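Enquirer: Based on what follows, work out the 3D shape:
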Amino acid sequence: MAMVETLTIRRPDDWHVHLRDGEVLKGVLPHTARQFARAIVMPNLSPPVATTAGAAAYRERILAALPEGVDFTPLMTAYLTDDTDPADLVRGHSEGVLTAAKLYPAHATTGSAHGVTDIAGLGPVLEAMELAGMPLLVHGEVTDADVDVFDREAVFIERHLKRIVRDFSGLKLVFEHITTEDAVGFVEGTGAKVAATITPQHLHLNRNAMLVGGIRPHAYCLPVAKREKHRLALRKAATSGSPKYFLGTDTAPHAKHLKEAACGCAGIFNAPFALESYAAVFEEEGALDRFEGFASEHGPLFYGLPLNEGTITLEKAEVEVPEVIDANGTQIVPFHAGEVLGWRLLA
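Expert: Residues are numbered from 1 along each chain as shown. Here you go, the predicted structure:
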């Protein structure tokens, strides 16, 4: 088989990003916008983006922070709380302000303190979303102190996801940043209304990355990386060509000093070299011909949005990932810091 020297694909989208706000937003946004035409923007600011009005205001701040001449569309989400008004969600969706709503179980991850405390009580909200054709994005982890952190995703499937899919069979549901073969099995075993995003870090790292040779805070994210068998199941799913899986980086920038702390933040800043990182996996799995589907087609088809018109090109060339990136005054360590990747995104 001939070596692939360049790879040109339809311009991709990122179906899961954290762009933050204020000065950091201005620093990290260009990394996402230069690669992706659109991105699903997470609402876990402090305080969270929980209403249509809040999402519209945040969208304006994102557009104002875009570099001149860059074509990028933020797709906004609302953060579900115990007090979410279904009518506001549906209105925001019909007006084109809200693309989806995000379910964070309370305290599951960074900025989720306002999350839903009783998922069973979400019935009226999920019913309204199902009728409106509005996708539900799920951070699928239970937060009970007695559940091992490595088991939280599998327990969430049994305790909550199976019931949601059963009770709201018409609801479009994205199981975000899946990390286990349990999640792959769940997604495979459900109908076309259920899909999943997969991050680059969960395709590259298993839990050893955080714990062997010292505590490695820059390999720590939530959901946490799992055993090697789970990483292999994710690689198989992502590169399978199945339309149920698509690109969602979950890029989550935190200042270097807040990661390298006694209680370090969860999150991996992978936006600067996201496509290069994913391409490495698809090449290693002999599946470069399926990369365009994963990166550029499956997401829009699931969300019912048009495919992007333009293209991007990756070339087979070494790219050195810097040890740290200056995001408009905040020093952030990127994913693959200090490593050499084998693909380079052409300008």
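Enquirer: Excluding chain neighbours, what is closest to residue 71?
Expert: residue 37 (6.8 Å; Cβ to Cβ, 6 or more residues apart in numbering). (C-beta placed from N, C-alpha, C; glycine too.)
Enquirer: hang on, that neighbour packs against residue 306?
Expert: No - counting by Cβ atoms under 8 Å, residue 37 does not reach residue 306; the two are 10.3 Å apart.
Enquirer: And those two? Which one has more around it.
Expert: residue 37 (20 against 8; other Cβ atoms under 10 Å).
Enquirer: For that one, report the pLDDT, please.
Expert: With respect to pLDDT, residue 37 scores 98.
Enquirer: how close does it get to residue 176?
Expert: Per Cβ to Cβ, to the nearest Å, residue 37 is found 20 Å from residue 176.
Enquirer: what's the longest helix seen in the chain packed up against?
Expert: If you go by DSSP state H, the chain has its longest helix at helix 52-65. Helices and strands touching helix 52-65, as assessed by 3 or more Cβ pairs under 8 Å, 6 or more residues apart in numbering; DSSP states H and E, comprise helix 22-33, strand 38-41, strand 73-79, helix 86-94.
Enquirer: Can you add mean neighbour count and distance to residue 147 and give the ones you listed back as TSV?
Expert: Formatted as TSV, the helices and strands packed on helix 52-65 follow (neighbours: other Cβ atoms under 10 Å; distance: least, Cβ to Cβ, whole Å):
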stretch	mean neighbour count	distance to residue 147
helix 22-33	20	32
strand 38-41	25	27
strand 73-79	23	23
helix 86-94	18	29
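Enquirer: can I assume residue 121 is in contact with residue 81?
Expert: No - contact criterion Cβ under 8 Å: residue 121 and residue 81 do not qualify, at 11.0 Å.
Enquirer: in the stretch 101-250 of the chain, which spans are helices?
Expert: 123-132, 152-156, 162-167, 181-188, 200-204, 208-211, 228-238 (DSSP state H, counting those that start in this stretch).
Enquirer: So which of these has the densest surroundings on average?
Expert: Among the helices of the stretch 101-250 of the chain, the stretch with the highest mean neighbour count (mean count of other Cβ atoms under 10 Å) is helix 200-204, at a mean of 24.
Enquirer: picking that back up, for residue 121 and residue 81, indicate the residue with more neighbours.
Expert: Set residue 121 next to residue 81 and count neighbours by other Cβ under 10 Å: residue 81 wins out with 17 against 10.
Enquirer: before we move on, the earlier item: now for the helices and strands packed on helix 52-65, which one comes closest to residue 117?
Expert: Closest to residue 117 of those, according to Cβ to Cβ: strand 73-79, at 13.6 Å.
Enquirer: So what touches that closest one?
Expert: The contact list for strand 73-79 (Cβ atoms under 8 Å, 6 or more residues apart in numbering) reads 19, 37-44, 48-52, 54-56, 58-59, 62-63, 84, 88-89, 92, 97-102, 104, 114-115, 137.
Enquirer: Are any of those buried, and if so which?
Expert: By neighbour count, with 16 or more other Cβ atoms under 10 Å, the contacts of strand 73-79 hold 19, 37-44, 48-52, 54-55, 58-59, 62, 84, 88-89, 92, 97-102, 104, 114-115, 137 as buried.
Enquirer: mind listing what residue 272 touches?
Expert: Applying Cβ under 8 Å, 6+ apart, we find residue 272 in contact with 31, 321, 325, 334, 335.
Enquirer: re the thing from before, including distance to residue 263, could the helices and strands packed on helix 52-65 go into TSV?
Expert: Below are these laid out as TSV (distance: least, Cβ to Cβ, whole Å):
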stretch	distance to residue 263
helix 22-33	20
strand 38-41	26
strand 73-79	23
helix 86-94	34
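Enquirer: Nearest approach to residue 10 belongs to which of these?
Expert: Going by Cβ to Cβ, the one of the helices and strands packed on helix 52-65 nearest residue 10 is strand 38-41, 12.2 Å.
Enquirer: Direction included, what does the closest one pair against?
Expert: When pairs are called by DSSP bridges, strand 38-41 turns out to pair with strand 14-17 (parallel), strand 73-79 (parallel).
Enquirer: Which residues does that strand contact?
Expert: Counting by Cβ under 8 Å, 6+ apart, 13-19, 32, 58-59, 62, 72-77, 99-100, 137, 248, 305, 308 sit against strand 38-41.
Enquirer: count of neighbours near the nearest residue to residue 119 once chain neighbours are set aside?
Expert: Using Cβ to Cβ, 6+ apart and skipping residues adjacent in sequence, the residue nearest residue 119 is residue 160, 5.2 Å away. Using other Cβ under 10 Å, residue 160 has 19 neighbouring residues.
Enquirer: In contact with residue 160, which residues are there?
Expert: Residue 160 neighbours (Cβ under 8 Å, 6+ apart): 119, 140, 142.
Enquirer: Counting residues, which strand of this structure comes out longest?
Expert: The longest strand of the chain (DSSP state E) is strand 311-320.
Enquirer: So which bits of it are buried?
Expert: By neighbour count with 16+ other Cβ under 10 Å, strand 311-320 contains the buried residues 312, 314, 319.
Enquirer: On the strand side of things, show who the last one bridges to.
Expert: Read it as residue 319. Where residue 319 sits in a bridge, its partners, by DSSP bridges, are residue 341.
Enquirer: That one reaches residue 344, doesn't it?
Expert: Yes - using Cβ under 8 Å, residue 319 makes contact with residue 344 at a distance of 4.4 Å.
Enquirer: Overlap in contacts, the two.
Expert: Common neighbours of residue 319 and residue 344, using Cβ under 8 Å, 6+ apart, are residue 276.
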